[in-house]
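A.B. asks: here are the coordinates; sequence isn't available:
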C-alpha cells in the first residue's frame, strides 16, 4: 500500500465525538434556513488519540455555543462555521469541512477564505467543475498566487488549456520565481502538442525547485514526444515523484491548529507524499515520541523505514501498531509486504491470511495470500484460492480478475497445461492495463508450440507495454529468427539498439544474425565482426567468442575464425560443458574445412 493511501486512509479513521449529553440525532448544524447540517462523525472514535479527541470536542462545543445564542449575527455564525471547517480540514476530515465552508460562504458570499478552501477541497476530491467555480469566485474577491496556481491546475485537469495558461501567467506576474507556474505552463504546452516550449518552461521550473523530481518525469515525456529517447530515458530515471510546491499560507498555517503528535504526523505525511522518506522518518519519530499510543504514527514510521530498505526496524513498528489495535488492517498489510520483500514468505502469507480472516470480502488480501502461497511453491493451495477468488469477484472488478488469471496461468504453465495456461494469460492480457507479463507468458507458450510468428507478435505486445524490457526485445528477435523472418529480425534489433544501445544480449543477437544468417541479403560480416568483438570485450563468454569466429568466417578470414573457435572448444571441454563443447567442435570442423556457419540457432 502506498504511503499516500496509508496516511490518508488512517487519518480518515479519526472521528468526532458528539458534545457531552447531546444525542446524535439532536445535533442541528444551525438554526438558519438554507444551511446544511454538520453531522457528527459516527463509528471508530477509539481510533483517535486523546489530544485529538479533546481538541475536536472543544471545537465542536465552541461552535455549538455560538449557534445556541439567539442573537448571534450572520457574521458570528459564519465565523463559527469557518473556524470549525478549518479544524476539520486540518484533520483531513474534508467532507465535514466542505459543509462548514459551504455554510460560511452562504452566510457571507463576499468573503474570500471559504471559497478558497472549498476550491482546494473540491480539487482534491476530483469535483473539478465545483473547484473551478469556487476558485473563480475566490479570484474575483482576492487575486493571489495560491488561488491562481490552484485554478490553473484545475483548468489543466479539465483540458481548458488557454484558461490554464492565462492563470499561470497571472501567477508569474505576482511571483516571477514561481516554479509551480512554470510547471503549469510546461504542462499546458505539452498538452497543446508543443514539446519544445514545454521543455523550456519545465527546465526553468527545475532550476527554481531542483528537489521537485516529478519535473523530470514531465521532461522525459516531452523529450520522448520529440523523439529524443536518450534524453527522455535520462530524465525518467531521475523521477522520484516529489511534487512541485508553492507557498499556500491559508493551508499550511492550519498546522498551527494541530496538537499532540498530530502536527508531526501531518508533516510526515507531507514528506511521504513528496517521496522524501528520510524526512518522513524524522517527523514520524517525533510523532511516536509525542504519543507512543498513536497507531497511525507507528504504522507510518514503519512504512517510511521500509521504503528506505530498513525493513527489520520497520517490522518492529508495524508490530507496535498491531499491539495497539490487532485489527488495524493497514499495518498488517504493510507488515506482510515488508516480510515478503525480505523473502520471509511463510510469515507474509500468515499476515495476509489474517487480513483475509478479519475481512473475507477483502479481495486484495485474498489475492496476496494466494500469490504468496504460490511463491512458496504451494501451488495446489494457491490455485484453489485463486479459483475461489474468481468465483466471488464480480466481472466489473476487471483488474483483480486479470491478476488472478495471470497467476493461474503461471501455475498452469509450470504444470505443462499449455492450453489452460494460454487461456488464463489471454484473459489477463484483456483485463490488466499493464499486461506485459501476460503477453510474455503467451509468447513463451507459442514458442513451446513452435508457433514462432505468434510468439513474436506477443513479444511485440509486451514491448509496447514495457519498452525497456530487454528480455522481451531479445525474445522477439529470437522468435523472428526461428520463424525465418530474418529481415524483420534484423530491422527489429536495429530499432531495439536505438532504444537500449547498451544491451549486450541485443548487440550479440544482431552480431550473430549478421554473421550467420542463411539469407545473404541480411548478412554483413564487417558489421558483425565489429559488434561481436565489442560484445566479447564487454563479456568474454564462450557463446560470444563463438560469434566472433562466425563473423571472421563471414568476411573470409578463416585462420582467425579457426583460432577463435579452437579457444572456444578448449574452454568448453576443460570446464565440463559437454553439450556446448560438442556443438562447438562440429562448428570448428566446418570452419577448418573453409565452410561458414549458417544454422546456429536451430542447432543450439
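C.D. replies: Nice, thanks for sending it over. Being a predicted model, the structure only gives us computed values, none of them experimental. Residues are numbered from 1 along each chain as shown.
A.B. asks: tell me where the stretch 351-500 of the chain has helices.
C.D. replies: Ranges of helices in the stretch 351-500 of the chain, per DSSP state H, counting those that start in this stretch, are 363-375, 379-392, 398-414, 418-431, 436-448, 452-465, 470-482, 486-499.
A.B. asks: among those helices, which comes closest to residue 252?
C.D. replies: The closest approach between residue 252 and any of those, judged by C-beta to C-beta, belongs to helix 363-375 at 34.0 Å. Heads up, the C-betas are built off the backbone N, CA and C, glycines and all.
A.B. asks: show me what the closest one is packed up against.
C.D. replies: Contacts defined by 3 or more C-beta pairs under 8 Å, 6 or more residues apart in numbering; DSSP states H and E place helix 363-375 against helix 329-341, helix 345-358, helix 379-392, helix 398-414.
A.B. asks: re earlier: just put the helices of the stretch 351-500 of the chain in TSV and tack on mean neighbour count, distance to residue 157 and mean pLDDT.
C.D. replies: Compiled in TSV, the helices of the stretch 351-500 of the chain are given as follows (neighbours: other C-beta atoms under 10 Å; distance: least, C-beta to C-beta, whole Å; pLDDT from 0 to 100):
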stretch	mean neighbour count	distance to residue 157	mean pLDDT
helix 363-375	22	28	95
helix 379-392	16	35	95
helix 398-414	21	23	95
helix 418-431	19	27	94
helix 436-448	22	28	95
helix 452-465	21	26	94
helix 470-482	22	33	95
helix 486-499	17	31	95
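A.B. asks: next structured bit after the lengthiest helix in the chain?
C.D. replies: Counting by DSSP state H, the longest helix found in the chain is helix 50-68. Downstream of helix 50-68, the next assigned helix or strand under DSSP states H and E is helix 74-90.
A.B. asks: let me know the angle separating that next one from helix 50-68.
C.D. replies: If you take axes from the mean of the first three to the mean of the last three C-alpha atoms, to 10 degrees, helix 74-90 sits at 160 degrees to helix 50-68.
A.B. asks: other SSEs contacting helix 74-90?
C.D. replies: helix 50-68, helix 94-107, helix 112-125.
A.B. asks: out of the ones you listed, nearest to residue 418?
C.D. replies: Minimum separation from residue 418 across those (C-beta to C-beta) falls at helix 112-125, 47.6 Å.
A.B. asks: in the very next helix or strand once past the closest one, what's buried?
C.D. replies: Once helix 112-125 ends, the next helix or strand along the chain (criterion: DSSP H and E) is helix 128-141. For helix 128-141, the neighbour count (16 or more other C-beta atoms under 10 Å) marks 128, 130, 131, 132, 133, 134, 135, 136, 137, 138, 139 as buried.
A.B. asks: what's next to the next helix or strand after helix 128-141, contact-wise?
C.D. replies: Going down the chain from helix 128-141, the next helix or strand is helix 145-157, by DSSP H and E. If you take C-beta atoms under 8 Å, 6 or more residues apart in numbering as the criterion, helix 145-157 is touched by 116, 119-120, 123, 128, 131-132, 135-136, 138-139, 161, 163-165, 167-168, 170-171, 174-175, 178, 180-181, 184, 187-188, 191, 246-251.
A.B. asks: sketch out the low-pLDDT regions of the stretch 51-200 of the chain for me.
C.D. replies: Applying pLDDT under 70 to the stretch 51-200 of the chain flags residues 51.
A.B. asks: same check, this time on the stretch 501-604 of the chain
C.D. replies: Within the stretch 501-604 of the chain, the segments meeting pLDDT under 70 span 602-604.
A.B. asks: please redo it, this time with the cut-off set to 80
C.D. replies: Within the stretch 501-604 of the chain, the stretches with pLDDT under 80 are 600-604.
A.B. asks: what is the neighbour count of residue 574?
C.D. replies: 9 (other C-beta atoms under 10 Å).
A.B. asks: tell me the contacts of residue 183?
C.D. replies: 201, 202, 205, 212, 215, 218, 244.
A.B. asks: how far away from the center of its chain is the particular helix or strand that has it in it?
C.D. replies: Assigned by DSSP H and E, residue 183 belongs to helix 179-191. Taking C-alpha atoms, centre = their mean, to the nearest Å, one finds helix 179-191 lying 22 Å from the centre of the chain it belongs to.
A.B. asks: buried set for it?
C.D. replies: 179, 180, 181, 182, 183, 184, 185, 186, 187, 188, 189, 190.
A.B. asks: in a markdown table, list the residues you listed along with distance to residue 461.
C.D. replies: A markdown table is the format used below for those (distance: C-beta to C-beta, whole Å):
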| residue | distance to residue 461 |
| --- | --- |
| 179 | 39 |
| 180 | 38 |
| 181 | 40 |
| 182 | 38 |
| 183 | 34 |
| 184 | 35 |
| 185 | 36 |
| 186 | 32 |
| 187 | 30 |
| 188 | 33 |
| 189 | 32 |
| 190 | 27 |
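A.B. asks: closest one to residue 413 out of these, please.
C.D. replies: Closest to residue 413, out of all of the buried residues of helix 179-191 and judged by C-beta to C-beta, is residue 190, at 41.0 Å.
A.B. asks: residues contacting that closest one?
C.D. replies: Counted by C-beta under 8 Å, 6+ apart, residue 190 has contacts 198, 218, 221, 222, 225.
A.B. asks: please tell me how far residue 312 sits from residue 341.
C.D. replies: Between residue 312 and residue 341 the distance is 11 Å, computed by C-beta to C-beta, to the nearest Å.
A.B. asks: with residue 318 instead?
C.D. replies: Residue 318 is 12 Å from residue 341, where distance means C-beta to C-beta.
A.B. asks: which one's more surrounded, those two?
C.D. replies: residue 318 (29 against 13).
A.B. asks: what helix or strand does the more buried one sit in?
C.D. replies: Under the criterion of DSSP H and E, residue 318 resides in helix 311-324.
A.B. asks: buried ones in that helix?
C.D. replies: Buried, per 16+ other C-beta under 10 Å, within helix 311-324: 311, 314, 315, 317, 318, 320, 321, 322, 324.
A.B. asks: which of the residues you listed sits closest to residue 38?
C.D. replies: Using C-beta to C-beta, the buried residues of helix 311-324 come closest to residue 38 at residue 324, 29.8 Å.
A.B. asks: what's the spatially closest residue to residue 406 that is not a sequence neighbour in contact with, if anything?
C.D. replies: Spatially, and ignoring its direct neighbours in sequence, residue 406 is nearest to residue 428 (3.8 Å; C-beta to C-beta, 6 or more residues apart in numbering). Contacts for residue 428 (C-beta under 8 Å, 6+ apart) come out as 402, 403, 405, 406, 409, 435, 437, 438, 441.
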